[in-house]
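Peer 1: Sequence first, then the predicted structure, then my questions.
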Amino acid sequence: MKRHALPWLIFFIVAQPLLAEVQQRFPKPDFQSGYQRPELQTPVPRALALEYLDVFVLAAALTASVVFAHRLRSRRALFMLMIFSLVYFGFWRKGCVCPVGSLQNVTLALFSPAYAIPLTVILFFALPLLTTLFFGRTFCASVCPLGAIQDAVIIKPISVPLPVRAVLSLLPYLYLGLAVLAAAVGAGFLICRYDPFVGFFRFSSSFRMIALGFSLLLLGTVVARPYCRFLCPYGVLLNWMSRLSKRHVRITPSRCINCRLCEASCPFDAIEKPSLQPTAAAASGRLILRFLLLTPLLILAGAFAFSQFDAPLARLHPRVALAADVLAEEKGGAATPAVRAFRSSGETPDELFADAAMIRNRFRRGGMLLGGFLGLVLSLKLIGLVAPSFRREYEIDRGECLSCGRCFSYCPVDKDGNTLFPIESLGNDSNAGKSV
Ligand code: SF4
Ligand code: SF4
């Protein structure tokens, strides 16, 4: 029995892609009257065996990234892996399924009992986070195709001033909150809809998205990885995991001698200088207390402000958008194809309007939660800015560091703690430009 099962199993696996293709060969419906086929947001489904192959490649790439960053400490190996990931997950797999977008599938699965999330998508969501929890953001260094396409265009990175970074670092939280809210309410997947690089991977997208992606790549020549640092919603989760990481890459393989050679080597401003400010601790304490007292106010203000955006946010949902079009048509406006389809569906406008009101109500409640969350994030960021730091040596900011390995070669100390040349020869001129 077992002898006969094996050839069938092999046949089944090999034939899966062909069967999947055959399913696509039936002619698509020929809609009349100017109907525009919606643009696909995801490539056509792949055979299950190939989806598991993607998971296997992801796991292998994550393992390799940990070995290259932690054991070999090789920027070259990380770079080669990054190029592979760009080709495989980006151009070959067309950026889907992607861990960044998978957080929306997970959200939808949590909020909608009707949605069955595939195991492969759960693995794409969880594997990079688990790896980061143990080893830092090696996923960002060389596995994420969105990170890779930006990394490949870094030419002359500049340092972004701390106040600007502090303000911009709120954007990923906002984007994460909006994406989770939209997915939870069933309004669609915002991260996929507004992915600026997927158009390059698929060689097709709207002019607007191509222009956005091109602008980000242009900006990325001087502000390294702008999407990763100031937009990526999955990066928020990776940042949290990385802060808790059990092991994280270090600039030096053994000890820091404060030679300053690595000070400007990070294009992502993720290296923190030594700072010993015991006298400032009392002043910081007072500021922290004030911000702590301010926290409930910020949460309430955020909750109130975002609950007021329910109408524009609800327009993201197709049912609410349709209800608005139907209402406009009833007031004498033109009937869009969607309205004409609705009129022939048999559903009454009252049913549609009731549905839209319910969805808007969900957005109002979700907006309150989102605003409260952002108020809390703002408060924690302010506390983080004024908290005293007692660093004796150059350290990596675990949350912001992308484990790219650029700074490794700047450290003159080898793994046995020996310096490669006399430190006195360095003088004060060790602060070279940013590493590319
Ligand atoms: S920050 Fe986001 S986009 Fe950038 S590499 Fe990490 S997961 Fe990818
Ligand atoms: S490994 Fe070094 S250069 Fe790379 S992101 Fe981390 S601190 Fe910056």
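Peer 2: Structure's in. What do you need? As the structure is a prediction and not an experimental result, all values here were calculated from the model. Numbers count the residues shown, from 1 in each chain. Ligands and ions are numbered 1, 2, ... in the order given.

Peer 1: Kindly report the residues of the stretch 151-300 of the chain close to ligand 1.
Peer 2: Y227, C228, C232, Y234, G235, L238 (C-beta under 6 Å from any ligand atom). C-beta here means a position set from N, CA and C on the backbone, and glycine is covered the same way.

Peer 1: So which bits of the chain are right by ligand 2?
Peer 2: Proximity of the chain to ligand 2 (C-beta under 6 Å from any ligand atom) is limited to residues 249, 265-266, 268, 270-271, 396, 401-407.

Peer 1: Just send these back as CSV, with secondary structure and distance to F197 too.
Peer 2: Listed next are the residues of the chain next to ligand 2 as CSV, based on DSSP: H, G, I helix; E, B strand; the rest coil; distance: C-beta to C-beta, whole Å:
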residue, secondary structure, distance to F197
V249, coil, 25
S265, coil, 26
C266, coil, 23
F268, coil, 18
A270, coil, 22
I271, strand, 27
I396, strand, 26
C401, coil, 22
L402, coil, 16
S403, coil, 20
C404, coil, 18
G405, coil, 22
R406, coil, 21
C407, coil, 26
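
Peer 1: Switch the residues you listed over to CSV, and while doing so, append neighbour count, pLDDT and distance to M209 to every line.
Peer 2: Converted to CSV, those look like this (neighbours: other C-beta atoms under 10 Å; pLDDT from 0 to 100; distance: C-beta to C-beta, whole Å):
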residue, neighbour count, pLDDT, distance to M209
V249, 24, 97, 34
S265, 20, 96, 33
C266, 25, 97, 30
F268, 23, 98, 25
A270, 20, 97, 29
I271, 19, 97, 34
I396, 20, 96, 34
C401, 26, 98, 29
L402, 29, 98, 24
S403, 27, 97, 29
C404, 28, 97, 26
G405, 24, 97, 31
R406, 26, 97, 30
C407, 25, 97, 34
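
Peer 1: Can you show me the strands along the stretch 101-250 of the chain?
Peer 2: Ranges of strands in the stretch 101-250 of the chain, per DSSP state E, counting those that start in this stretch: none exist.

Peer 1: Would you confirm that Y410 contacts C266?
Peer 2: No - here Y410 lies out of contact with C266, judged by C-beta atoms under 8 Å, at a distance of 9.2 Å.

Peer 1: Can you give me the distance of A270 to A224?
Peer 2: 10 Å (C-beta to C-beta, to the nearest Å).

Peer 1: And for D54?
Peer 2: From D54 over to A224 the distance is 28 Å, taken as C-beta to C-beta.

Peer 1: Please identify which of these two sits among more neighbours.
Peer 2: Taking neighbours as other C-beta atoms under 10 Å, D54 and A224 compare with A224 leading, 29 against 19.

Peer 1: so what's that one up against?
Peer 2: The contact partners of A224, by C-beta atoms under 8 Å, 6 or more residues apart in numbering, come to Q150, D151, I154, P157, P267, F268, K434.

Peer 1: sec struct for the closest residue to it other than its chain neighbours, please.
Peer 2: Using C-beta to C-beta, 6 or more residues apart in numbering and skipping residues adjacent in sequence, the residue nearest A224 is P267, 3.7 Å away. Three-state call for P267 (DSSP: H, G, I helix; E, B strand; the rest coil): coil.

Peer 1: count of neighbours near P267?
Peer 2: 25.

Peer 1: Now it. Its backbone dihedrals?
Peer 2: Dihedral pair for P267: phi -70, psi -10, per degrees, to the nearest 10.

Peer 1: pLDDT score for it?
Peer 2: Listed pLDDT for P267 reads 97.

Peer 1: Also P29?
Peer 2: Confidence at P29, expressed as pLDDT, is 55.

Peer 1: can you start the count at 245 instead of 1 from here on
Peer 2: Renumbered: residue one is now 245, and that last one reads P273.
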